[in-house]
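**Student:** Got a sequence here, can you build the structure:
(2 chains)
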Amino acid sequence: MAKELRLMKGNEAIAEAAIRAGADAYFGYPITPQSEVLEYLMGEKPYEKTGMVVLQAESEVAAINMVYGGASCGRKVMTSSSSPGISLKQEGISYMAGAELPGLILNVVRGGPGLGTIQPSQSDYNQAVKGGGHGDYKLVVLAPASVQEMYDFVEKGFELSFKYRTPTMILSDGVIGQMMEKVELSEYKPRWTHEEVVKMHPWATTGKTADRERNIITSLNLQSDVQEEHNLKLQAKYKKMEEDVMFEEVMCDDAEYLFVAFGSSARICQKAIQNAREKGIKVGLLRPITLSPFPSVIIRKYADKVKGMLSVEMNAGQMVHDIKLAVEGKTKVEYYGRMGGIIPIPSDIVKALETKLIGG
Amino acid sequence: MTEEIIIAGFGGQGVLSMGKILAYSGIMQDQEVSWMPSYGPEMRGGTANVTVILSDDRISSPILNEYDTAILLNQQSMDKFEATVKKGGTLLYDPNGIIKHPSRKDINIYQVEGAEEAAKMESTKTFNMIVLGAYLKLKPIVIMENVIKGLKKSLPSRHHHLVPLNEKAITRGMEVVKTIQTV
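**Tutor:** Model (predicted):
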C-alpha cells in the first residue's frame, strides 16, 4: 500500500496518532498553543469510529484525574496542555507516579513563569525531568523535534509508559505544536479488548474475579517501612529506564565542538551547524530524544573527544546542569538561550559558540 | 534544492493558506516541507506571516533569519522583512498600499498587482493565488500539476469547485508579474 502522507500541525499529528494508536480516551482543556489537539479530536469524532472517548473536562485538574481513572482500568489514556495547565496537573501526575499508573501527557510549552506568554519556550525542562510534582519520582520524557516525531511518540510514549508503569510526558513547544510538516501516517490499531487488558495488565482494576486477590490502585502508604520499600522499587524501575535512552548524533564524527539541544532548539542548531561549518568551525549536534532517561553516557563519551559543548535552550539554562553532571568536568560546558517566547536565531548561536567556547 | 521563503501581509489576505498550498504542492513533488506561522494575537486583524521551506533534503531549522525569497504584501511587512532577503535573493511584492518601495540594490525585485488583478477577476479571494502564480513564474520549484494537487489537498472537498478559478488566478499571476530590477 502506498504510504499515506499528510501536511499537519504538530498538535494535529498528536491527535491523529492517538486515534490510530488505539487510544481509549483523551481528556483535555483548551489552552494556547495546544488547543488544536482537542479541536482536531472533536472534529474527527473517534467515539463514532473506534469508541475512543474525547472529553473536554471542566479543568486541567479534572482532566488529569480522569486520566488517573482510565489508567487504573489498564487503558491507554492521555491528556494535553501547555505550561500553566501542566502545573495544575502536577498533583495528579505525582499520584499517578506513586500509584504506578501509565498515561500520556503532552506539554506544548509556552514561556513562563505564571501565565507568561503564548509563544514557544522550553522553560519546563526542569519541571518535566526532575519530577514536577512532589515526591521522588520520574517520568519518561520524550522531546520531539519534528511533526513526524510528535506523531511517532504517541505510540512510543504509550509503549514506554506501560512498560515502566509511569506516566510519559511528551515535552514539545509552540514551534513543534504550531508548525506544519509532512507526516507519514501509520495503520489503524484496534483498541484493546477487555480480555486483552485483563491478560496484559494483571494489576489493573478490571473487575475482581473469584480466582484472584483484589487490585488496589493507590499512592497512599501510612507505614514508613512499606513506603520506603515502595520508593526503592520505584527507583530501581527508574534506573532500568536507562536501557530505553534515545538520542541523535548530527555531524559528530569530526566535531571539535558540540551543540547539545532538544526539540525545536535542536532544529535551529542544525542550521547553525551549516553556517558554522561554512566558516570552517567543526561543530556537531547531540540531540537528547529522551530527556528522562537522560543520555548521560553518550555525552560523557563525547566529553573526551570535543573541546567544548554549548547547551542551546529556550530557557535560562536548565539542561546545561545535566550536561555538566554528565561530563564530570572533562570538557567546558556553556549555555546559550533566549527566554520569554523569543526563538534563538542560527547566527546568534554561532556567535555564542565563537565567543563562549572558541574564543573563551 | 532548498528554497526558504517568508510570506507576510495582513491577516485575511490568505498569507497562511498560500503557504500551506505551496507546502502541499512540495509534498506532491516528493519534497521535504515545513510551514511555520506567526501565531498569537497579531493574527486577529494585524500582520500575519509564515515561513515556508521546500527542499530535496531534510530541513534543519523551520525558523530563519534570512530568506531566499520574501513575498511582502503590506508596508509593515516590507519594513520588517526587506532586510532579511539574502544577497542575490528575490523580493516579490504587491505595490498596492506601499508607500516606501524596496530600496536594496543587491537583490532581485519583482511586482505583482495582486489586489488589482483580483478585483478585475471579480473575486478578491483569488488575491493570494495570483501572488502565488507570480512567485511560481519566478521560481518554478513545483510544477503546475502538483500545485493543483496541493490545492485539492488543502481545500476541503466542498470547495473543490473553486479549483478552476484558483488555477486561472495562478495563471493570471504568472502573466502579470513585472521585473523591477535583477542583479
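**Student:** Count the neighbours of the residue nearest to residue A:307 when sequence neighbours are not counted for me.
**Tutor:** The spatial neighbour of residue A:307 that comes closest, neighbours along the chain excluded (C-beta to C-beta, 6 or more residues apart in numbering or on different chains), is residue A:256 at 5.2 Å. (Each C-beta comes from the backbone N, C-alpha and C, glycine too.) Using other C-beta atoms under 10 Å in any protein chain shown, residue A:256 has 14 neighbouring residues.
**Student:** can you tell me the helix or strand for the spatially most central residue of chain A?
**Tutor:** Centroid check for chain A by C-alpha atoms, centre = their mean gives residue A:170 as the closest residue, at 2.4 Å. Residue A:170 belongs to strand A:168-173 when assigned by DSSP states H and E.
**Student:** Tell me which strands that strand pairs with, and in which orientation.
**Tutor:** strand A:104-109 (parallel), strand A:140-142 (parallel) (DSSP bridges).
**Student:** In terms of helices and strands, where is residue A:189?
**Tutor:** Per DSSP H and E, there is no helix or strand for residue A:189.
**Student:** From residue B:166, how far off is it?
**Tutor:** Using C-beta to C-beta, to the nearest Å, residue A:189 is found at 37 Å from residue B:166.
**Student:** more neighbours, these two?
**Tutor:** It is residue B:166, of residue A:189 and residue B:166, that has more neighbours when counted by other C-beta under 10 Å, with 25 against 14.
**Student:** doesn't residue B:151 make contact with the more buried one?
**Tutor:** Yes - with contact defined as C-beta atoms under 8 Å, residue B:166 counts as touching residue B:151 (5.8 Å).
**Student:** and residue B:46, what pLDDT?
**Tutor:** Residue B:46 is assigned 73 on the pLDDT scale.
**Student:** just residue B:40 next, same as before
**Tutor:** If you check residue B:40, the pLDDT there is 61.
**Student:** ditto for the one 10 residues further on
**Tutor:** We have a pLDDT of 96 for residue B:50.
**Student:** now do residue A:360
**Tutor:** Reading off the model, residue A:360 has pLDDT 61.
**Student:** ok so, going back, highest mean neighbour count out of the strands paired with strand A:168-173?
**Tutor:** Of all those, strand A:104-109 has the most neighbours on average by mean count of other C-beta atoms under 10 Å in any protein chain shown, namely a mean of 30.
**Student:** Quick one: list the elements packing against the next helix or strand after that one.
**Tutor:** On the C-terminal side of strand A:104-109, the closest following helix or strand by DSSP H and E is helix A:125-129. Applying 3 or more C-beta pairs under 8 Å, 6 or more residues apart in numbering or on different chains; DSSP states H and E, one finds that helix A:125-129 contacts helix A:83-98, strand A:168-173, strand A:290-292.
**Student:** Can you list the buried residues in helix A:125-129?
**Tutor:** A:125, A:127-129 (16 or more other C-beta atoms under 10 Å in any protein chain shown).
**Student:** From these, pick the one nearest residue A:154.
**Tutor:** residue A:128 (16.8 Å; C-beta to C-beta).
**Student:** Tell me how far that closest one lies from chain B.
**Tutor:** 22 Å (C-beta to the nearest C-beta, to the nearest Å).
**Student:** Tell me which residues touch that residue, please.
**Tutor:** Contact partners of residue A:128, counting by C-beta atoms under 8 Å, 6 or more residues apart in numbering or on different chains, are A:107, A:139, A:141, A:169, A:171, A:291-292.
**Student:** run the last query once more with 10 Å
**Tutor:** Counting by C-beta atoms under 10 Å, 6 or more residues apart in numbering or on different chains, residue A:128 makes contact with A:86, A:93, A:105, A:107, A:109, A:122, A:138-139, A:141-143, A:169-171, A:291-292, A:318.
**Student:** and what of residue A:30?
**Tutor:** A:36-39, A:56, A:80-82, A:85.
**Student:** and with 6 Å instead?
**Tutor:** By C-beta atoms under 6 Å, 6 or more residues apart in numbering or on different chains, residue A:30 lies in contact with residue A:38.
**Student:** The one 3 residues further on now?
**Tutor:** In this structure, residue A:33 makes contact with A:108, A:118, A:174, A:177-178, judged by C-beta under 6 Å, 6+ apart.
**Student:** can you rerun that using 8 Å?
**Tutor:** Per C-beta under 8 Å, 6+ apart, neighbours of residue A:33: A:11, A:82, A:108, A:110, A:118-120, A:174, A:177-178, B:39.
**Student:** what's the closest of the residues you listed to residue A:285?
**Tutor:** Taking C-beta to C-beta as the measure, residue A:285 lies nearest residue A:120 of the contacts of residue A:33, at 18.9 Å.
**Student:** how many other residues sit next to the closest residue to that closest one other than its chain neighbours?
**Tutor:** What sits nearest to residue A:120 in space, not counting adjacent residues and going by C-beta to C-beta, 6+ apart, is residue A:174, at 3.2 Å. Residues near residue A:174, counting by other C-beta under 10 Å, number 30.
**Student:** Residue A:174 is in contact with residue A:109, isn't it?
**Tutor:** Yes - between residue A:174 and residue A:109 there is a contact under C-beta under 8 Å: 7.1 Å.
**Student:** got any residues that touch both of these two?
**Tutor:** A:82, A:120-121.
**Student:** mind showing which ranges of chain B have poor pLDDT?
**Tutor:** Within chain B, the segments meeting pLDDT under 70 span B:40-45.
**Student:** Let me know whether residue A:3 touches residue A:184 as I believe.
**Tutor:** Yes - counting by C-beta under 8 Å, residue A:3 does reach residue A:184; the two are 5.3 Å apart.
**Student:** Show me which residues of chain B are close to chain A?
**Tutor:** With the criterion set to C-beta under 8 Å from any C-beta of the partner chain, chain B comes near chain A through B:20, B:23-24, B:27, B:32-37, B:39-40, B:59-65, B:153-154.
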